[in-house]
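Q: Generate a structure from the sequence data that follows.
(chains A, B and C)
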Amino acid sequence: MISEDFAFLNEKQREAVMATEGPLLILAGAGSGKTTVLINRIANLLKYGKSSDTELMPEDASEEDIIIMNKGGEEARKCASYLPVAPWRILAITFTNKAADELKNRLVSSLGDKANDIWACTFHSACVRILRRDAERLGFESSFTIYDANDSVSLIKQILKQLNLDDKTFPPKSVLSEISRAKDSKITAKTYSERASIIRDIRKIRIGEIYTRYSEELFRSNAMDFDDLLLYTVKLFEDNPDVLEYWQNRFEYVLIDEYQDTNRLQYNFARLISGKFNNLCVVGDDDQSIYKFRGADIENILTFEDNYSNCRTIRLEQNYRSTSHILDAANNVIRNNIGRKGKELWTDKEAGEPLELYSADNENDEARFVASTIISDIDRGASFKDHAVLYRMNAQSNALEYAFKRNGIPYRVFGGTKFFERAEIKDVISYLCVVASPSDDLRLQRIINVPARGIGRSSLDKAVKAASDEGLTLFEVLKNSDKYPELSRASYRMREFTAMIESLRDSVKTQRLDEFLDTLLEKTGYLKMYEQSGSPEDESRVENIKELKSNIINYMAEAEEPSLPGFLADVALYTDLDSYNEDNDCVVMMTMHSAKGLEFPTVFIVGAEESIFPSIRSIGDPDEMEEERRLCYVAITRAKNKLYITAAKQRMLFGRTTNNKISRFVDEIPDEHIVRKNVTRGYSYSDKAWDRNYSYEPDYSEPTSGRPIIKTGPVKSTYRITPQKPQASKPVPDFKTGDRVKHRAFGEGVISKMTPMGGDYLIEIDFGGTVKKLMLKAAVNFMGKL
DNA sequence: CGCACCACAATTTTT
DNA sequence: TTGTGGTGCG
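A: Take a look at the predicted model:
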């Protein structure tokens, strides 16, 4: 029996692994072993083909085979096995590069090298591969470049200027999301404009003009934005039956992960590419659909069974991640949603500890609670990386970062400014793009005057106008700028610039990619610009550029045929979370959205207040509220062993003080699963503050031995430069050099040095050999005088 | 053309 | 409160 091969799976999982034929919907609850199922399903296909899911005799069975099969037994089973599916006939789609890499790695490690031929990639990279082959059919060159969100915004801004439209009335980002929504419904710029004029919607008419121009510009630049990758792939399929047939024949089995996050284009893509064999397996969780604002359409998963009438549905409800207190909390919250398939997670794990609600006085108190709780966990032998702090908005990370930084808690913030969105990285990438693609006007404009080359906005605008008037690329105009009287002033410098780019285009042909990067950085004077100043920001920029170089080296090692366009395509689809490295022993801080798919022993959900979570924008809209509740469900189910929820009675946000009620989601958790520690406490910075503030946790003063050694100093974060903010002018607690103190995390020590710093003191404490540097005002919350 | 200063707005963001 | 982007001046 094939099922013996998958005896380690639970019944439902096994069922999902063996149901290889036809459309299949796997509703996989959080932590239900979804990836395991995906991997084993592919393993099953590679090993047994469709055998586990059919009673038909293999078409190629010989008479002899049939005789053996009729006898039954082991020999018969081998015989009855349909030919294994060739790895290259399997397409497995995920949403993130990280998930794709993970899938691929796990496939290779359990199935061997042949798994490398499986297409395990994101929607977007699958589309890129498909488009590279046939982009000419759409009028694009196959070397088309990919515009990221920022590139798109810049282009829209430029167009607004050209059309003399006000960016207050037409905020680039909302225009873009309007365009994106149109593309999602396959509405072309032309159709959009026509519809706008029929309904005489003046605003839509304008947006139609922008859309038209935007599409033209992209086309002219031989570029596609993220939506285009899908849109044009679908269009390519629809307009070219032979192309569609080619891919349909190739992919006998299609798997799609995180199906609840697909948009309509992705639905179209999936339907088309799996159209021949109809072996489409989608895996997802309607309760974890949290990306509506990005176009994800929960209806895709809710109506899958209607769209595929012969579809089978399998629910994976056994959870292997969390304790039952946590699961029950999650179940009770999500139960309040109406638009869902309905699932109830269960576990045979122990009940564990109930959740804890801490109602803080304000955001600093909240942060301190989190910090002190983490430190006492560390006392008990836990690692920092076992802890995650999840919030609704990135802006909430500030108070937490303070508390962590001042107490030597290493942390890492995800989100915010991403590596590939940093100015210096985008600049260098832009240089590379300009070298690779002569028609990339947008990126050319970005870097032409970085470092300063005396080619300013006004001259550049004239050149842009000339280019658009004559239908030439900007580069061509710049190269021949001596022919344009209006460009005479900057002409020399422009031609100097184009000559430099052209010489770089020569170098790229002969040099290795990493060497070429060095050449580029040198010839353009880009690196020099940052190396001279010596300011810490610039140093970190140089570091980041080095980091980019290691990216290139990585790429060269992995790619079959490394090339500059190849690298750029990779980079365009690469984001930060992809490089989340759990080896670093850091507390992880991120939004609840970013946390999807991750798990941590201890989780803090902070800011559980009405109008923060649920967000103020969703209050009053039932659909939005359900989405927030799903987000809550996602957040709760990240926790394996312990979940803390915190709310602040008063919170300073965006310079305003607000008083919010505790989140309705907390009320939805039954009392038996949550301990509500609504201790109203005084708030003071006196030297006894420590006693008072933390008296709610009676076992705190127990000294613990065997505490792991904590690395000193803040951990370098590649992801964000956290500026040192000035201290508020609060009274400085009464400590002096030579005082003996006891710190909750670091034990007993002596203050060896105190340096006044911004209304506070930087204190150095010698904990029996290890010297820790702390900010006094914050440290006082974690230590007392002996 | 570059820099400084001021006004303004700030959910969430896999590609 | 924070960061960013636009404007105006040197």
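Q: Helices of the stretch 351-500 of chain A, start to end?
A: A:363-379, A:397-406, A:423-436, A:441-447, A:457-470, A:474-479, A:488-510 (DSSP state H, counting those that start in this stretch).
Q: Present those as JSON lines; the columns should include mean neighbour count and distance to DNA strand C.
A: Just so you know, the C-beta spots here come from the backbone N, C-alpha and C atoms, and that holds for glycine as well. Shown next, in JSON lines, are these (neighbours: other CB atoms under 10 Å; distance: least, CB to the nearest atom of the strand, whole Å):
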{"stretch": "helix A:363-379", "mean neighbour count": "23", "distance to DNA strand C": "11"}
{"stretch": "helix A:397-406", "mean neighbour count": "23", "distance to DNA strand C": "6"}
{"stretch": "helix A:423-436", "mean neighbour count": "21", "distance to DNA strand C": "9"}
{"stretch": "helix A:441-447", "mean neighbour count": "23", "distance to DNA strand C": "13"}
{"stretch": "helix A:457-470", "mean neighbour count": "16", "distance to DNA strand C": "8"}
{"stretch": "helix A:474-479", "mean neighbour count": "23", "distance to DNA strand C": "20"}
{"stretch": "helix A:488-510", "mean neighbour count": "16", "distance to DNA strand C": "15"}
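Q: Which positions in the stretch 201-350 of chain A make contact with DNA strand B?
A: A:226, A:258, A:261, A:291, A:293-294, A:296 (CB under 7 Å from any atom of the strand).
Q: Can you flag the buried ones in those?
A: A:226, A:258, A:261, A:291, A:296 (16 or more other CB atoms under 10 Å).
Q: And the helices of the stretch 351-500 of chain A, which one averages the lowest pLDDT?
A: Of all the helices of the stretch 351-500 of chain A, the minimum mean pLDDT falls on helix A:457-470 (a mean of 84).
Q: List the contacts of residue A:295.
A: A:180-181, A:184, A:263-264 (CB atoms under 8 Å, 6 or more residues apart in numbering).
Q: Highest neighbour count among these?
A: residue A:263 (23 neighbours; other CB atoms under 10 Å).
Q: re earlier: save the residues of the stretch 201-350 of chain A next to DNA strand B as JSON lines, and put in distance to residue A:41, secondary structure and pLDDT too.
A: Output for these, formatted as JSON lines (distance: CB to CB, whole Å; DSSP: H, G, I helix; E, B strand; the rest coil; pLDDT from 0 to 100):
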{"residue": "A:226", "distance to residue A:41": "28", "secondary structure": "helix", "pLDDT": "94"}
{"residue": "A:258", "distance to residue A:41": "15", "secondary structure": "coil", "pLDDT": "95"}
{"residue": "A:261", "distance to residue A:41": "20", "secondary structure": "helix", "pLDDT": "95"}
{"residue": "A:291", "distance to residue A:41": "25", "secondary structure": "coil", "pLDDT": "94"}
{"residue": "A:293", "distance to residue A:41": "31", "secondary structure": "helix", "pLDDT": "91"}
{"residue": "A:294", "distance to residue A:41": "27", "secondary structure": "helix", "pLDDT": "90"}
{"residue": "A:296", "distance to residue A:41": "24", "secondary structure": "coil", "pLDDT": "94"}
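Q: before we move on, back to that, nearest to DNA strand B, of the contacts of residue A:295?
A: residue A:263 (8.3 Å; CB to the nearest atom of the strand).
Q: so the closest one touches residue A:184, yeah?
A: Yes. Using CB atoms under 8 Å, residue A:263 is in contact with residue A:184, at 5.2 Å.
Q: number of nearby residues for residue A:350?
A: Residue A:350 has 10 nearby residues by other CB under 10 Å.
Q: re earlier: okay, and which of the contacts of residue A:295 map to helices?
A: A:180-181, A:184, A:264 (DSSP state H).
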